[in-house]
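Novice: fold the following and give me the result.
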Amino acid sequence: MSHPRITLEHVSKQFAAPGAGRTAVLDNVSLTVNEGEFVCLLGPSGCGKSTILNLVAGFEQPDHGRVLLDHRPISEPGPERGMVFQQPMLFPWLTVRDNVTFGPRMTGADKASYQADAERYLQLVGLQDFAEHYPWQLSGGMRQRAALARAWLPKPQTLLMDEPFGALDAQTRLAMQELLTDIWQRTRTTILFVTHDVDEALFLADRVLVMSARPGQIRESLTVPFARPRNPEELLTDSAYGQLKRDILHAVREEAAKSLGLQPA
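Specialist: This next block holds a predicted model:
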């Protein structure tokens with residue numbers, strides 16, 4: 001049986017607002033992500049999805065409640081948690097190989113301890129022939145593949161992903177989703193993934209957490225019932241997929257309308 005890897009217990013978070021006030025971003029959020037689970041966070045803009053990632057990463061601390069990793073409070077960033085952002089965040093003056101191996105090199109790790117894994121991940125993401133290229137010589141999708149390899153190389157227990165494919169075109173995005181699920185099925189790394197795309201969430205996740213408008217709370221937790229590996233074309237013809245997508249879209253539309261001060265249709 002898997003155990004809870006990430007736990008938020010009654011977490012609230014505020015940030016300073018213009019003037020002297022404060023804005024509540026999260027209010028009494030509780031959630032659990034189990035070891036090896038792939039969970040997607042969905043919700044309207046400003047509901048606190050990225051704030052949850054930053055709390056789990058250790059970049060922020062909650063005002064109230066607890067954020068736990070393997071039952072221990074998170075107080076700072078650590079190598080057991082990898083982060084992948086919407087932009088690849090590669091160093092333009094380093095080659096793909098040097099970007100991918102940046103973490104272990106900066107910690108002084110012996111080259112022999114990571115070289116084989118670096119080559120394996122470059123091959124898994126299809127960049128073995130571009131290892132000596134620089135980021136400016138790559139397409140957007142290739143740069144994000146390099147960022148994935150870099151995040152996975154230290155073998156983190158948990159990956160936190162903040163709309164990593166949001167800036168890509170539709171075809172590249174689908175290819176990256178398939179690549180991500182392929183590597184995840186090999187490694188079973190725990191993943192908490194933020195997205196605005198319902199189809200992306202249903203293709204990737206074991207569970208989808210729908211958040212309310214700010215201050216964010218967990219409105220619904222929905223299990224994705226489709227067997228793996230998943231085929232996008234087959235999913236679209238599944239009546240259960242259509243119903244689940246409608247249910248999630250309805251919840252997201254209601255919360256988005258609230259965030260804009262509108263009456264949901």
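
Novice: alpha carbons only for contacts and neighbour counts from here, please
Specialist: Noted.

Novice: can you count the residues close to the closest residue to residue 251 other than its chain neighbours?
Specialist: Excluding its sequence neighbours, the residue lying closest to residue 251 (Cα to Cα, 6 or more residues apart in numbering) is residue 210, at 7.4 Å. Other residues near residue 210 number 24, with proximity taken as other Cα atoms under 10 Å.

Novice: equivalent analysis for the one 10 residues further on, please.
Specialist: In terms of burial, residue 220 registers 14 neighbours under the definition other Cα under 10 Å.

Novice: which residue packs closest to it, ignoring adjacent ones?
Specialist: Per Cα to Cα, 6+ apart, closest to residue 220 is residue 210, 5.1 Å.

Novice: quick check: the one you found touching residue 249?
Specialist: No. Counting by Cα atoms under 8 Å, residue 249 is not a contact partner of residue 210; they are 9.7 Å apart.

Novice: mind listing what's buried along the longest helix along the chain?
Specialist: Ordering each helix of the chain by length in residues (DSSP state H) puts helix 239-259 first. Across helix 239-259, burial judged by 16 or more other Cα atoms under 10 Å covers 241, 244, 245, 248, 249, 251, 252, 254, 255, 256, 258, 259.

Novice: Serialize those to JSON lines and add fields for distance to residue 122 and pLDDT.
Specialist: Converted to JSON lines, the buried residues of helix 239-259 look like this (distance: Cα to Cα, whole Å; pLDDT from 0 to 100):
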{"residue": "241", "distance to residue 122": "33", "pLDDT": "95"}
{"residue": "244", "distance to residue 122": "36", "pLDDT": "95"}
{"residue": "245", "distance to residue 122": "34", "pLDDT": "95"}
{"residue": "248", "distance to residue 122": "36", "pLDDT": "95"}
{"residue": "249", "distance to residue 122": "36", "pLDDT": "94"}
{"residue": "251", "distance to residue 122": "39", "pLDDT": "93"}
{"residue": "252", "distance to residue 122": "37", "pLDDT": "92"}
{"residue": "254", "distance to residue 122": "42", "pLDDT": "92"}
{"residue": "255", "distance to residue 122": "40", "pLDDT": "92"}
{"residue": "256", "distance to residue 122": "39", "pLDDT": "89"}
{"residue": "258", "distance to residue 122": "44", "pLDDT": "85"}
{"residue": "259", "distance to residue 122": "41", "pLDDT": "79"}
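
Novice: so what strands line up beside the one helix or strand the residue nearest to residue 251 maps to?
Specialist: In this assignment (DSSP states H and E), residue 210 forms part of strand 207-211. Looking at strand 207-211 with DSSP bridges, its partner strands are strand 38-42 (parallel), strand 218-223 (antiparallel).

Novice: for the protein, give me the ranges with low pLDDT.
Specialist: 1, 20, 263-265 (pLDDT under 70).

Novice: domains in it, by residue range?
Specialist: Domain assignment for the chain by automatic domain parsing gives 4-80+158-259, 90-155.

Novice: now do the same end-to-end measure for the shortest one.
Specialist: Think domain 90-155. The straight-line separation of the ends of domain 90-155 (Cα to Cα, to the nearest Å) is 19 Å.

Novice: quickly list what the residue nearest to residue 251 is bridged to.
Specialist: Here residue 210, judged by DSSP bridges, has bridge partners residue 42, residue 220.

Novice: could you check how far stretch 167-176 is from the centre of its chain?
Specialist: Remark: stretch 167-176 is offset 16 Å from the chain centroid, using Cα atoms, centre = their mean, to the nearest Å.

Novice: can you name the residues in contact with that stretch?
Specialist: Stretch 167-176 has contacts (Cα atoms under 8 Å, 6 or more residues apart in numbering) with 86, 87, 140, 141, 145, 165, 166.
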